[in-house]
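1. what follows is a predicted structure for the sequence shown.
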Amino acid sequence: MKRSSLIAVCLICISLPAVAEDSGFYIGAGSGSGKLSACTNTTSSCNSFSSNSEDKGHLRLIGGYDFSKYFGIEAGLSDLGTYQVQNDSGFNVAKVKVSALTIAAKGAYAFPHGFSIFGKLGLARVNTKYTPNILWTLTVDPNQHSTGLVIGAGGQYNINDTFGFRLFTEIVSYKDNGYTGAVAGTALMAVFKF
């Protein structure tokens, strides 16, 4: 077992210089939109939220490492928006702010002239913060953390070796103490490679 591990490490070390130009660290920043779909955990009611975010231009930050031009790993910090929580009668009774920290494996394909497409799949740590309106009592914990999934796809255009733009769609799912939901959004960001 030690011998095969040593051989694997040696092969990785030998192959690194060959893909050095396609590998490396990168960071990105931009803004996006958000649309929420959620249902209560105790009933089949799925009309408990406004679907579109009340605030625009949600901040998105990413950082990652490309092992090659085909595979990498990426972490993200995303503000996913603020939504109205409604009771069974349709009255707005609270607001929920959703944010997520994600880590995902990324697969990509590079075309000539700086354009590439990618997809990613991974885990999300989602924070849902509920703020009740006046004279309303929440039946869920106001500040919750849950684990969910992140899936995304998009395209990137690199102007040169260090700077590019990315347009992508991402879905983050979660299940907190009161609701099961997913936030989908599209984001545009600038990406800097080291």
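-> Thanks, I have it. Numbering: from 1, shown residues only.
2. residues contacting the closest residue to residue 53 other than its chain neighbours?
-> In space, and not counting its chain neighbours, residue 53 is closest to residue 81: 3.0 Å by Cβ to Cβ, 6 or more residues apart in numbering. No exception for glycine: its C-beta is placed from N, CA and C like everyone else's. Each residue near residue 81 by Cβ atoms under 8 Å, 6 or more residues apart in numbering is listed here: 33-34, 36, 53-55, 58, 97-98, 183, 185.
3. export those to TSV and append columns for distance to residue 151, secondary structure and neighbour count.
-> Compiled in TSV, those are given as follows (distance: Cβ to Cβ, whole Å; DSSP: H, G, I helix; E, B strand; the rest coil; neighbours: other Cβ atoms under 10 Å):
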residue	distance to residue 151	secondary structure	neighbour count
33	17	coil	19
34	15	coil	25
36	16	strand	23
53	19	coil	23
54	25	coil	12
55	23	coil	12
58	18	strand	21
97	22	strand	18
98	16	strand	25
183	12	strand	27
185	12	strand	23
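4. widest-spaced pair of those?
-> Greatest spacing in those, by Cβ to Cβ: 33 and 97 (15.1 Å).
5. run through the helices of this structure in chain order.
-> Applying DSSP state H to the chain gives helices spanning 2-15.
6. in it, where is pLDDT below threshold?
-> For the chain, the stretches with pLDDT under 70 are 1-21, 43-45, 47, 139.
7. which stretches of it form strands?
-> Here the chain has its strands, by DSSP state E, at 24-32, 35-40, 58-66, 71-86, 92-110, 115-132, 143-158, 163-175, 179-193.
8. okay, and the beta partners of residue 25?
-> With DSSP bridges as the criterion, residue 25 is bridged to residue 65.
9. who are the contact partners of residue 194?
-> With contact set as Cβ under 8 Å, 6+ apart, residue 194 has these partners: 24-26, 162.
10. thinking again about what came up before, what is the residue nearest to residue 53 paired to in the beta sheet?
-> Going by DSSP bridges, residue 81 forms beta bridges with residue 98.
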